[in-house]
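Engineer: fold the following.
(chains A, B, C and D)
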Number of protein chains: 2
Amino acid sequence: MIPDDPLFEPLIRNVRELVAIDDAELTRFLEAFRTVELGKKEILLFKGDTSHHMRFVSQGCLRSYFIDSAGHEFTIQFGISGWWVNDLYSYLTQTPAKHFIQAVVPSSVLQIHRDRLEALFGQVPAVERFFRIKIQNAYVALQDRTLHAMSQPLEERYLEFRRKYRDIEQQVPQYMIASYLGATPEHLSAVRKNINYDRS
Amino acid sequence: MIPDDPLFEPLIRNVRELVAIDDAELTRFLEAFRTVELGKKEILLFKGDTSHHMRFVSQGCLRSYFIDSAGHEFTIQFGISGWWVNDLYSYLTQTPAKHFIQAVVPSSVLQIHRDRLEALFGQVPAVERFFRIKIQNAYVALQDRTLHAMSQPLEERYLEFRRKYRDIEQQVPQYMIASYLGATPEHLSAVRKNINYDRS
DNA sequence: CGCGACGTTGATTTGCCTCAACGATTGTGG
DNA sequence: CCACAATCGTTGAGGCAAATCAACGTCGCG
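Structural biologist: Residues are numbered from 1 along each chain as shown, chains lettered A, B, ... in the order given. Here you go, the predicted model:
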């Protein structure tokens, strides 16, 4: 009954490690998803479009980013297998997105339409619970990142990023990491040089 | 049946403007709250304590902040009437808080114990829904703030703060606003001076 | 009144950005 | 399969925004 497509495995694990849900309910949930395949650098959501889906990264790596008035890119979030990625503001308010969502490498995404999900919230409490807890955790993580960004110099933030996301660091170019950390590629490059000198 | 204590009014409004909930359920929810009165500068949650309550500001103004290794204060959040304030990480994981929560001016807080709230989540779906939506909105707002902090100069951030939170600006000292904006009091002072010159 | 908390000012230092240029690697079309 | 272009990381010079440090005025409160 539960779909045995291997793309669904990370999602099943993601749900079951957080909430108790029986097979029938889980199946209803999974059946509401559609698969999207993306090539390297392909864009899944454009600024100005409205986000109608919650999106789960099954394979590969995505990022969301925005571009300020001076043309600078800021990476908001990376997402690898097991992460949810979205422009939540656009999704929640059904207004045009301020961010882009892009595949950094070839990726497989599972997405569920907002109408289906809202209906499921009323029908399967475990699904609503799942998203409540997910968003709580995301909030805490974001708060942590915000505080680090304000209080730590770039070197600390970079080392922290490496510790926490070694698997992300390997698949994304450095200028994206710089833009995630709120720095220029040149500055990050200089910091990396320093770190290597310190080692020897 | 619904408590008519005026302190509850902001909370009742807060819930009813977001979810449909009948009087009996709302009453159950409200009865789980206790009132806490705080004097100016009194601390409600100390760093190192574990947060066992969700807290709602009924009157006055609170803030949460943390102190880094160099002794600098960073204000994470202000909360006036109608806002929820907590160290969510401590609350969710039941680990020692990394932040303080403090009354900026004399304040009245309504708080519900975690055990009561978790029980209500299972019994009254509207309560779980309420918190899911609240935390979604908080996440979006925090993301917005994080992006502004990274991409805008202090002057922009200060003007934005003023526009958005004029009612907060009036009850908190300037050095706390500076610490919220990620700047020193001296720098904010200089920026304010500039703004005034521009006006004339 | 006198002390402490708060905001301001100015001099100096510093972390980070900007701009320009240059290898190295990747990928692509002829 | 090679040649050329584009992408990415690095380097260094110069500049600017913001932090630091120290000092001072003012207000409110015990």
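
Engineer: surely residue A:195 meets residue A:159?
Structural biologist: Yes - between residue A:195 and residue A:159 there is a contact under C-beta atoms under 8 Å: 7.4 Å. Any C-beta I mention is one placed from the backbone N, CA and C, and that applies to glycine too.

Engineer: elements contacting the helix or strand in which residue A:76 is found?
Structural biologist: Taking DSSP states H and E as the definition, one finds residue A:76 inside strand A:73-80. Other elements packing on strand A:73-80 under the criterion 3 or more C-beta pairs under 8 Å, 6 or more residues apart in numbering or on different chains; DSSP states H and E are strand A:53-67, helix A:166-169, helix A:174-181, helix B:125-151.

Engineer: so which of these gets nearest DNA strand D?
Structural biologist: helix A:174-181 (3.2 Å; C-beta to the nearest atom of the strand).

Engineer: that closest one vs chain B: in contact?
Structural biologist: No - counting by C-beta under 8 Å from any C-beta of the partner chain, chain B has no neighbours in helix A:174-181; the shortest distance is 9.2 Å.

Engineer: got the CA coordinates for that helix in PDB?
Structural biologist: Extracted in PDB, the C-alpha atoms of helix A:174-181 (Å, rounded to 0.1, in the frame of the first residue of the first chain):
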ATOM      1  CA  GLN A 174      32.000  28.500  -2.500                       C
ATOM      2  CA  TYR A 175      30.400  31.700  -3.600                       C
ATOM      3  CA  MET A 176      27.100  30.300  -2.600                       C
ATOM      4  CA  ILE A 177      28.400  29.400   0.900                       C
ATOM      5  CA  ALA A 178      29.800  32.900   1.100                       C
ATOM      6  CA  SER A 179      26.400  34.400   0.200                       C
ATOM      7  CA  TYR A 180      24.800  32.100   2.900                       C
ATOM      8  CA  LEU A 181      27.200  33.400   5.500                       C
END
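
Engineer: does residue A:49 touch residue A:95 like I think?
Structural biologist: No - contact criterion C-beta under 8 Å: residue A:49 and residue A:95 do not qualify, at 10.4 Å.

Engineer: what about these two, which has more around it?
Structural biologist: residue A:49 (15 against 12; other C-beta atoms under 10 Å in any protein chain shown).

Engineer: if we can go back for a sec, could the helices and strands packed on strand A:73-80 be laid out in JSON lines, adding mean neighbour count and distance to residue A:33?
Structural biologist: Supplementary listing: these in JSON lines, determined by neighbours: other C-beta atoms under 10 Å in any protein chain shown; distance: least, C-beta to C-beta, whole Å:
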{"stretch": "strand A:53-67", "mean neighbour count": "21", "distance to residue A:33": "8"}
{"stretch": "helix A:166-169", "mean neighbour count": "14", "distance to residue A:33": "23"}
{"stretch": "helix A:174-181", "mean neighbour count": "20", "distance to residue A:33": "27"}
{"stretch": "helix B:125-151", "mean neighbour count": "19", "distance to residue A:33": "20"}
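
Engineer: how about those, which one is nearest DNA strand C?
Structural biologist: helix A:174-181 (7.7 Å).

Engineer: and the angle for the closest one with strand A:53-67?
Structural biologist: Angle of helix A:174-181 versus strand A:53-67, following axes from the mean of the first three to the mean of the last three C-alpha atoms, to 10 degrees, is 100 degrees.

Engineer: domain map for chain A?
Structural biologist: As recorded under automatic domain parsing, the domains making up chain A are A:6-135, A:152-200.

Engineer: which one of the ones you listed lies closest to residue B:155?
Structural biologist: domain A:6-135 (14.6 Å; C-beta to C-beta).

Engineer: pLDDT below threshold where in chain A?
Structural biologist: A:198-200 (pLDDT under 70).

Engineer: point out the residues in it that sit beside DNA strand D.
Structural biologist: A:173-175, A:185-186, A:188-190, A:192-193 (C-beta under 7 Å from any atom of the strand).

Engineer: just the buried ones from those?
Structural biologist: A:175, A:188 (16 or more other C-beta atoms under 10 Å in any protein chain shown).

Engineer: residue numbers of chain A in contact with chain B?
Structural biologist: A:66, A:68, A:72, A:74, A:76, A:88-89, A:92, A:121, A:125, A:128-129, A:131-132, A:135-140, A:142-147, A:149-151, A:182.

Engineer: for the residue in chain A that DNA strand C sits nearest to, give me its contacts.
Structural biologist: Distances between chain A and DNA strand C by C-beta to the nearest atom of the strand are smallest at residue A:187, namely 3.1 Å. Counting by C-beta atoms under 8 Å, 6 or more residues apart in numbering or on different chains, residue A:187 makes contact with A:154, A:178.

Engineer: quick one: it is in a helix?
Structural biologist: Yes - with DSSP: H, G, I helix; E, B strand; the rest coil as the criterion, residue A:187 is assigned to a helix.

Engineer: do you know how far it is from residue B:14?
Structural biologist: Note on residue A:187: its distance to residue B:14, by C-beta to C-beta, to the nearest Å, is 43 Å.

Engineer: same check on residue A:179?
Structural biologist: 37 Å.

Engineer: residues contacting the helix or strand residue A:158 falls within, please?
Structural biologist: Under DSSP H and E, the secondary-structure element containing residue A:158 is helix A:154-164. Here helix A:154-164 makes contact (C-beta under 8 Å, 6+ apart) with A:148-149, A:152, A:169, A:177, A:180-183, A:187-188, A:191-192, A:194-195.

Engineer: out of these, who's nearest residue A:113?
Structural biologist: residue A:180 (28.8 Å).

Engineer: what about the closest one, distance to residue A:75?
Structural biologist: 4 Å.

Engineer: what sits in contact with each of those two?
Structural biologist: residue A:63.

Engineer: ok, the closest residue to chain B within chain A - contacts?
Structural biologist: Chain B sits closest to residue A:132 of chain A, with a gap of 3.9 Å, by C-beta to the nearest C-beta. Contacts for residue A:132 (C-beta under 8 Å, 6+ apart) come out as B:128, B:131-132, B:135.
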